[in-house]
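>>> just to be clear, the model below is a prediction. Sequence and coordinates:
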Amino acid sequence: MAKSNNLNAIEMQCLRLSLGLSVEQIAELTKTTAEAVTAWEAGETDASEVAQKKLLEIEDTIEMQVLNTTDGIEALFKTEPKRRLAFVVYPTQAIYTQYNPEFLSSLPFTELYNTAAWRIKKECQIVLEVEVSLIPLEIEAYKSFRADNGMSESRESRAKWAATQL
């Protein structure tokens with residue numbers, strides 16, 4: 001019989017903190033209550049296997065995003081000595097939802113997207129010696145930039161706007 005890989009109380013708390021989520025957000029993701037999450041983290045009860053699986057899947061998604069993005073950045077900067085990039089991050093859930101509907105199934109909260117961006121920033125800094133700045137999307141400045149440059153809404157347009165903010 002396979003051994004259960006249930007997370008203990010401290011592992012549940014570390015996972016939540018690693019994801020950058022509040023107790024309430026974990027409760028929403030796992031379709032439970034904040035009290036239940038607090039009980040998991042206090043060791044009073046065990047988190048359901050479904051809840052653990054959901055949170056570990058999100059962690060894996062973030063790690064894959066970090067790996068894929070840093071691999072792409074490494075290829076981009078193979079020969080350039082001066083390396084600097086800007087990543088757009090989203091200051092509110094509403095802005096994140098508006099501009100990133102494709103991520104909502106895997107990273108439903110802006111905090112998860114921003115956690116991935118932070119991890120990419122640190123990985124790039126430590127391993128690749130590439131400096132990444134996280135730039136909060138300012139909608140009016142971004143719309144003005146697009147209008148001034150005849151651009152449509154796209155991830156590439158946001159990246160070009162962010163580069164102008166460095």
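That came through, no problem. Residues are numbered from 1 along each chain as shown.

>>> R16 touches L29, doesn't it?
No - if you go by CB atoms under 8 Å, R16 and L29 don't touch, sitting 9.9 Å apart. For glycine as for every other residue, the C-beta is placed from the backbone atoms N, C-alpha and C.

>>> could you name every residue contacting both of the two?
L55 (CB atoms under 8 Å, 6 or more residues apart in numbering).

>>> tell me where the protein has strands.
With strands called from DSSP state E, the chain shows them at 84-89, 131-136.

>>> buried stuff in the last one?
Think strand 131-136. V132, I135 (16 or more other CB atoms under 10 Å).

>>> how about stretch 86-105?
So stretch 86-105, judged by 16+ other CB under 10 Å, has buried residues A86, F87, V88, V89, Y90, I95, Y96, Y99, N100, F103.

>>> swap in stretch 119-132?
So for stretch 119-132, counting by 16+ other CB under 10 Å, buried means R119, I120, K121, E123, C124, L128, V130, V132.

>>> contact partners for the spatially most central residue of the chain?
Nearest to the geometric centre of the chain sits Y113, at 2.4 Å (CA atoms, centre = their mean). Contact analysis of Y113 by CB under 8 Å, 6+ apart lists V89, Y90, Y96, N100, F103, L107.
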